[in-house]
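> model the following, please.
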Amino acid sequence: MTQALCLNCGAVKWGALNPCPKCEAGSTGNIPLDIAFSDHYMSHETILNFGAVLSELTSFTNDRTLAAAAFLEYVSREHPEILTVEYPQTTIARLEPLLRQVTVKRFEVKEGYSLTNEPD
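Below you'll find the predicted structure:
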């Protein structure tokens, strides 16, 4: 079964669409986003690194929506090969204080296995 990042709390969970054992959150409702942060596309180590970033962001605010937006902005800035987002300047201004607090050092995204690259 697939290992994936819980995009609510940053824990590693089994199955990109399954509920998280730590926070009980399920899918974001954006299935391609959920699967993008799974071992289909990135290594377990990379999932853990992204989890550390998201975990930090959620520790800085009680607003999970704000933490999730900050996480997507972080990914967009640091790893645009995964995804890019474009928020209005008013949103960026709200995210900046959270993003400045991230202590996780920049890391390399290592590939996982892709469904399109499975052996014959």
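
> how many other residues sit next to Cys9?
Counted by other Cβ atoms under 10 Å, the residues lying close to Cys9 total 19. (Each C-beta comes from the backbone N, C-alpha and C, glycine too.)

> for it, helix, strand, or coil?
Per DSSP: H, G, I helix; E, B strand; the rest coil, the local secondary structure of Cys9 is coil.

> measure Leu57 to Ile47 for me?
16 Å (Cβ to Cβ, to the nearest Å).

> do the same with Cys23
For Cys23, the distance to Ile47 (Cβ to Cβ) stands at 16 Å.

> higher neighbour count, those two?
Remark: of Cys23 and Ile47, Ile47 carries more neighbours, 24 against 15, as counted by other Cβ under 10 Å.

> what sits up against the top helix by length along the chain?
For the chain, the helix with the greatest residue count under DSSP state H is helix 44-60. Helix 44-60 is contacted from outside by 3-12, 37-39, 42, 64, 67, 70-71, 74-75, 97-98, 101-104, 107-110, 112, using Cβ atoms under 8 Å, 6 or more residues apart in numbering.

> convert the C-alpha atoms of that helix to CSV, please.
Extracted as CSV, the C-alpha positions of helix 44-60 are listed here (Å, rounded to 0.1, in the frame of the first residue of the first chain):
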residue,chain,number,x,y,z
HIS,A,44,9.9,8.0,2.0
GLU,A,45,12.7,10.3,3.1
THR,A,46,11.3,13.1,1.0
ILE,A,47,7.8,12.5,2.4
LEU,A,48,9.3,12.8,5.9
ASN,A,49,11.0,16.0,5.0
PHE,A,50,7.8,17.6,3.7
GLY,A,51,6.1,16.3,6.8
ALA,A,52,8.6,18.1,9.0
VAL,A,53,7.8,21.4,7.2
LEU,A,54,4.0,20.9,7.5
SER,A,55,4.3,19.9,11.1
GLU,A,56,6.3,23.0,11.9
LEU,A,57,3.8,25.2,10.1
THR,A,58,0.8,23.7,11.9
SER,A,59,2.7,24.3,15.2
PHE,A,60,2.8,28.0,14.5
